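> the amino acid sequence is not available; the structure is as follows:
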């Protein structure tokens with residue numbers, strides 16, 4: 001049975017089944033599709049008009065495609081829940097029966113546009129044709145460098161060894177992982193370091209927004225409880241010098257946000273912490289590290305290779321002839 005959830009209460013009530021569906025699909029899905037990530041997003045950025053396609057069979061949740069209506073003046077559109085702060089936006093399960101139901105509901109709502117943004121490689125959305133009465137245009141989205149272990153360049157291994165020696169001479173270094181009692185304190189350190197870096201460059205940065213900060217403060221403990229968060233800090237001579245927030249899923253680690261103290265630049269604290277986290281991920285048997293959106297040089301220095309997200313812009317056509325929607 002296909003249904004469209006259209007209230008925040010229904011969306012939150014879906015959380016247990018949603019989490020179970022994510023875990024059944026976790027070998028391919030990312031933490032960005034989990035309720036631990038998307039429900040805090042909805043609480044901060046949701047429009048009040050969710051349009052979430054779900055498929056059930058015998059009471060079991062088999063598929064989920066979470067969209068919402070963004071009520072832009074004169075031209076409302078459907079967007080994925082998570083848009084803006086989320087690097088991979090995708091369905092769980094087969095989206096083929098869900099997208100037509102959502103677009104049919106969109107027409108009934110007077111919504112004639114849908115943008116499926118940041119669709120990652122391998123998504124089931126990539127092979128779908130536009131339903132009758134809709135036209136689809138695909139284009140390339142953001143590059144997302146990915147490192148396949150153990151292909152870390154030798155020069156980065158040498159740099160890592162050199163900076164570890166420097167850190168030892170500077171008073172020693174340690175890496176700590178956030179737990180339930182420290183997750184907010186570690187997140188506060190990450191925010192402090194990240195904001196200081198952007199302020200020094202005369203820019204605001206992504207953590208200058210109140211809703212974005214509130215989202216991360218809500219999401220971090222939920223992600224940690226779900227086993228999806230890896231938030232670590234690097235201390236040099238006992239002082240926090242770098243912090244990285246990453247997400248984890250079977251076989252993969254996703255580096256989402258980082259910050260470092262420029263006063264410790266001589267030991268490259270960001271490199272030290274990222275290197276330690278990559279080594280830990282390999283020791284755990286993970287096979288890929290995702291550096292996510294953006295073409296910052298350090299991602300390629302570590303051996304990242306571009307994979308591109310895709311964007312699908314769907315527009316309702318004037319006719320109802322199936323051929324007009326192809």
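Looks like it arrived, so ask away. These numbers were taken from a predicted model, which means no experiment stands behind them.
> helices along the stretch 201-326 of the chain, start to end?
Using DSSP state H, counting those that start in this stretch, the helices assigned to the stretch 201-326 of the chain run over residues 210-225, 269-283, 297-301.
> so which of these comes closest to residue 256?
In terms of CB to CB, the element of the helices of the stretch 201-326 of the chain nearest to residue 256 is helix 210-225, at 9.5 Å. C-betas here are computed from N, CA, C, even on glycine.
> show residues contacting that closest one.
31, 34, 36-37, 39-41, 43-45, 85, 178-180, 183-184, 187, 191, 206-207, 229, 231, 245, 247, 257 (CB atoms under 8 Å, 6 or more residues apart in numbering).
> and for stretch 116-131?
Counting by CB under 8 Å, 6+ apart, residues outside stretch 116-131 touching it are 28, 30, 79-80, 83, 86-91, 93-96, 99-100, 103-104, 136, 141-142, 144, 293, 307-314, 325-326.
> hang on, the earlier thing: so which of the helices of the stretch 201-326 of the chain is the most packed in?
Each of these was given a mean neighbour count from mean count of other CB atoms under 10 Å, and the largest, a mean of 20, is that of helix 269-283.
> pLDDT weak spots in the protein?
Counting by pLDDT under 70, the chain contains low-confidence residues at 203-204, 318-326.
> what's the domain layout of this protein?
Under the assignment named as automatic domain parsing, the residue ranges that make up the domains of the chain are 2-143+308-325, 146-301.
> just the buried ones from the contacts of helix 210-225?
Neighbour counting with 16 or more other CB atoms under 10 Å marks 31, 34, 36-37, 39-41, 44-45, 85, 178, 183, 187, 191, 207, 229, 231, 245, 247, 257 as buried within the contacts of helix 210-225.
> quick one: which of the contacts of stretch 116-131 sit in strands?
Using DSSP state E, the subset of the contacts of stretch 116-131 located in strands is 79-80, 136, 141-142, 308-314.
> I'd like these as CSV, with neighbour count and distance to residue 159 appended.
Putting the ones in strands among the contacts of stretch 116-131 into CSV (neighbours: other CB atoms under 10 Å; distance: CB to CB, whole Å) gives the following:
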residue, neighbour count, distance to residue 159
79, 21, 41
80, 25, 38
136, 16, 45
141, 19, 31
142, 17, 27
308, 13, 28
309, 21, 29
310, 18, 34
311, 17, 36
312, 20, 40
313, 15, 42
314, 22, 46
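> with those in mind, which one is nearest to residue 68?
The shortest distance between residue 68 and any of those, using CB to CB, involves residue 79 and amounts to 6.2 Å.
> so who does that closest one touch?
Applying CB under 8 Å, 6+ apart, we find residue 79 in contact with 67-68, 70, 114-115, 117.
> hmm, 6 Å instead?
With contacts taken as CB atoms under 6 Å, 6 or more residues apart in numbering, residue 79 has the following neighbours: 70, 115.
> partners of it in the sheet?
Beta-bridge partners for residue 79, by DSSP bridges, are residue 68.
> report the longest helix in this protein, please.
The single longest helix within the chain, with elements called by DSSP state H, is helix 183-200.
> quick revisit: redo the helices of the stretch 201-326 of the chain as TSV? Include distance to residue 149.
Converted to TSV, those look like this (distance: least, CB to CB, whole Å):
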stretch	distance to residue 149
helix 210-225	23
helix 269-283	5
helix 297-301	15
